[in-house]
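Asks: Provide a 3D model corresponding to the input given below.
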Amino acid sequence: MKLYYKLLILLTSIGIIYGCQHELEDYLNTDTEETVNIELLNLLRENPNYSKYLSILERHSIDTVFAKGKSLTLFIPTNEAIEEMGELHLDTIDFIRYLFAESYINVFSIEGSRQIKTLGGKFATIESKHNTKFIDGIEIVKASPLSKNGRYYEIDGILQPLPNLYEYIALRNPFFQSYIDMQDSTFLDLFRSTPIGYNENGQTIYDSVTTVINQFAQKYFDIKNEFRTSRATMLLFDEDQFNNALSIIADDLSLESKDAIPDQWKNDILFPYLINQGVFWNELEYSDFASGRLRNILGDSVTVNPDNIDINSAFQCSNGKAFNYLNFVVPDSLYKGSQRIQGEHLIVSRGFGLYSWAENVSVTGPAVNPTAVRAANVADNDSLLAVNFPFSNYDQEFSLSFKFKNIFPGRYRLLWHGRTTPSGIFEILVNGEVQEINLGYGASDFIDLYDLRNPVRSVTNQVFRPDGGYNSFDILVENITEYGDVEVTIRYLGPGQRSNNGFILDYIELANF
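Replies: Prediction:
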């Protein structure tokens, strides 16, 4: 009985192996059993109807691919098809690479639809419809015998590779292309670099191999490359739309022209905003924008007005889809709005109840331990920055400086909001200049925060009134004359009306005025 089972297992195994081998042979030779002992390139040369195709191969030295010893699959247009299209469209290396696959593909074994990777990295789509095979919608009309290094298929037309999203942007948005290219960063590739010794400090010296990583591709989507499954949709704008939007900004800011808008603002503020608003996973249809609220490629919820998308602008790319805005404008809040710095964001936690100043904060004078104080439903962000000087009637030097980023020149209103105690006399400097402070009963170069326990007048003529121990004051800032970062300094001058000195800050806001 044991011998019977052993024979049964052996016969079953032989059957499986034979079946797999037979299935593989069917895959390779379904379309024709004919094989020829000849190189694929020579097989092509035997057919005079492919002469124009071969001449383009030689012109671009693509014929060297045949010398690599790989199995190849080619899709061949006839001389007639090439003549109909004209050299203008065909004399490109991308066109030739799109007709090659560096692997053997039996198209007649494919059912439904399948993407194949071509020599240039792009993917072409082979489909089966009504017993007819197509590649990117072009009928495959003939298959060659299986040669020593592959097979070719004659196609009834010309394959035109679609541009990927990066190539599409390069055609319509050269300024956007430049921004993406600027995101390239070069890194030392330790895995590919060879250690060759040590320097005088004992650090390893490498025979360096560097690699370039594009930060746009890392953060959002690798729009220069193509994948079988990953695709994206982008909301874009053409060069005229972009220039018109910049001109509106220049007029609004009383600049000489759009060329006076700093590139730093475009790169640090504008383009990241537009990308966050306009890059999404997968290929979206116009109807997908109907709700007006979508998650972008980072997973953040963004508002998109479907009425401002040109439905006729939909363009199919090889790795996604692009739409164009109908009326492209930049919201003025991006360049004329306000920036608010929360007090508690000026410090970082170092452990339970322990804090230190953040890296972007500069503090002078003796060491003062700041703390974050919870004030849920009272403070703007539910927390406050508390700075309490270590002894009564504190008379030591202290100043705190931080920066508002990417500010255009103009008149601004600087608003302080915090508790009215502890006390202390302070002056406020903007870009190194002491600012005038007027609480409504006389201008001064300084303020005792304890005075905020009373109503004070704003530069807007409204009145700030104390509320639960909190109050505000503001100053008019008129010395921001160049684009860039604006430094604000809070400098302690001495004890105020109370013996306990310091300040508790909710937030400081800089707003266009």
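Asks: give the contact list for residue 289.
Replies: Each residue near residue 289 by C-beta atoms under 8 Å, 6 or more residues apart in numbering is listed here: 304, 306, 309. In this view, the C-beta of every residue, glycine as well, is placed from N, C-alpha and C.
Asks: which of the residues you listed are buried?
Replies: 304, 309 (16 or more other C-beta atoms under 10 Å).
Asks: ok, of the contacts of residue 289, which one's closest to residue 400?
Replies: For the contacts of residue 289, the minimum distance to residue 400 (C-beta to C-beta) is 40.5 Å, reached by residue 304.
Asks: Grab the nearest non-local neighbour of that closest one.
Replies: Taking C-beta to C-beta, 6 or more residues apart in numbering, and ignoring the residues beside it in sequence, residue 304 has residue 289 as its nearest neighbour in space, at 5.4 Å.
Asks: State the distance from the residue lying closest to residue 308 once chain neighbours are set aside to residue 410.
Replies: Leaving out its chain neighbours, the residue that sits closest to residue 308 by C-beta to C-beta, 6+ apart is residue 326, at 5.2 Å. For residue 326, the distance to residue 410 equals 30 Å [C-beta to C-beta, to the nearest Å].
Asks: so residue 467 bridges to which residues?
Replies: According to DSSP bridges, residue 470 are recorded as the beta-bridge partners of residue 467.
Asks: Also the one 10 residues further on?
Replies: Residue 477 forms beta bridges with residue 412, as assigned by DSSP bridges.
Asks: Could I get the full set of strands for the stretch 201-350 of the chain?
Replies: Counting by DSSP state E, counting those that start in this stretch, the stretch 201-350 of the chain has strands at residues 204-207, 210-214, 232-236, 279-281, 293-295, 301-303, 309-317, 320-325, 338-342, 347-351.
Asks: JSON lines for the ones you listed, including distance to residue 145 and mean pLDDT?
Replies: Supplementary listing: these in JSON lines, determined by distance: least, C-beta to C-beta, whole Å; pLDDT from 0 to 100:
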{"stretch": "strand 204-207", "distance to residue 145": "49", "mean pLDDT": "68"}
{"stretch": "strand 210-214", "distance to residue 145": "43", "mean pLDDT": "78"}
{"stretch": "strand 232-236", "distance to residue 145": "41", "mean pLDDT": "96"}
{"stretch": "strand 279-281", "distance to residue 145": "44", "mean pLDDT": "97"}
{"stretch": "strand 293-295", "distance to residue 145": "52", "mean pLDDT": "94"}
{"stretch": "strand 301-303", "distance to residue 145": "55", "mean pLDDT": "94"}
{"stretch": "strand 309-317", "distance to residue 145": "35", "mean pLDDT": "94"}
{"stretch": "strand 320-325", "distance to residue 145": "38", "mean pLDDT": "96"}
{"stretch": "strand 338-342", "distance to residue 145": "71", "mean pLDDT": "95"}
{"stretch": "strand 347-351", "distance to residue 145": "72", "mean pLDDT": "91"}
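Asks: now, of these, which is deepest in the fold?
Replies: Greatest average neighbour count among those goes to strand 232-236 (a mean of 23), per mean count of other C-beta atoms under 10 Å.
Asks: That strand: partners in the sheet, and parallel or antiparallel?
Replies: strand 279-281 (antiparallel), strand 320-325 (parallel).
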